[in-house]
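Asker: model this:
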Amino acid sequence: MACCVLQIAGLILGGAGMVGTLAATAMPQWRVSAYVEGNIVVFESIWEGLWMDCISQLGLRLQCKFYDSLLALPPPLEALRALMCLAAALAVPAFLLAITGVKYSQRRTEGPGAVSTFVLAAGMAFLLTGTLVLVPVSWAGGSVIRDFYDPEVPAPLKRELGAALYVGWASGALLLAAGAMYCLCWCWAGPAAGHSYPRLARAARPGAPALAVHAYV
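Answerer: Numbers count the residues shown, from 1 in each chain. Model prediction:
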């Protein structure tokens, strides 16, 4: 019962983390303009994302433009793109594995070994996805904070943390929590599912030698 609750909770958290990962990858608000010192133009906001930059005027008009050339992008941005795309690509199969694990948990009598395999695979995939999300998001956030407090960076070029970074941090935490729940569930049910059933079946066999029964212990 406890393992079933963990799987359902992990499925919900993992699904939310998957949606957040896809959203953070697509959102343009990774870096937003900072209003410091002489930069007091408050009716216009600049957003910089992985794929485009946007200009928001009074929150009513939004103009976005995709980056012109892939080869002209700075290497850090290309690395952030690659990591987030990899995380988004892994989040979907991780969620599908989690659904499969919950589905087969309702059929323990048909194949407990398969249940533990799906649960473990989903947990490891969630943990890996959460790590892949947190690395680029934390990297981008650290770069924004460093430039913000760097006196050599001009005020118009200073940026603040955008909404996409907070979504990425939250999604990474949800994915890690989901992975921990699935791995914990496998630790509880996986080894027992793989070994206790043969031992009980052999022990219950009429006329089975005592030495053969102890060999499974």
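
Asker: neighbours of L22, how many?
Answerer: Around L22 there are 17 other residues, counting by other C-beta atoms under 10 Å. Where you see a C-beta, it was placed from the backbone N, CA and C, and this is true even at glycine.

Asker: so it sits against L90, correct?
Answerer: No. Under the criterion of C-beta atoms under 8 Å, L22 makes no contact with L90, lying 11.5 Å away.

Asker: bridged to I46, which residues?
Answerer: I55 (DSSP bridges).

Asker: please name the residues that touch it.
Answerer: V32, S33, D53, C54, I55, S56 (C-beta atoms under 8 Å, 6 or more residues apart in numbering).

Asker: buried subset of those, written for ChimeraX?
Answerer: Only the buried entries of the contacts of I46 go into this ChimeraX selection, using 16 or more other C-beta atoms under 10 Å:
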select :32,33,53,54,56
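
Asker: show me which of the contacts of I46 is closest to F66.
Answerer: D53 (8.7 Å; C-beta to C-beta).

Asker: please tell me how far that closest one sits from R159.
Answerer: 11 Å (C-beta to C-beta, to the nearest Å).

Asker: ok, G101 next?
Answerer: 41 Å.

Asker: neighbour count winner among these two?
Answerer: Under the criterion of other C-beta under 10 Å, the comparison of G101 against R159 puts G101 first, with 25 against 20.

Asker: where does that one land in three-state SS?
Answerer: helix (DSSP: H, G, I helix; E, B strand; the rest coil).

Asker: show the contacting residues for the closest residue to it other than its chain neighbours.
Answerer: In space, and not counting its chain neighbours, G101 is closest to F118: 3.9 Å by C-beta to C-beta, 6 or more residues apart in numbering. By C-beta under 8 Å, 6+ apart, the contact set of F118 is L97, T100, G101, Y104.

Asker: between the contacts of I46, which sits nearest L176?
Answerer: Nearest member of the contacts of I46 to L176, counting by C-beta to C-beta, is V32, at 26.1 Å.

Asker: which stretch of helix or strand covers that closest one?
Answerer: strand 31-33 (DSSP states H and E).

Asker: list the helices and strands that strand packs on?
Answerer: strand 44-48, strand 159-161 (3 or more C-beta pairs under 8 Å, 6 or more residues apart in numbering; DSSP states H and E).
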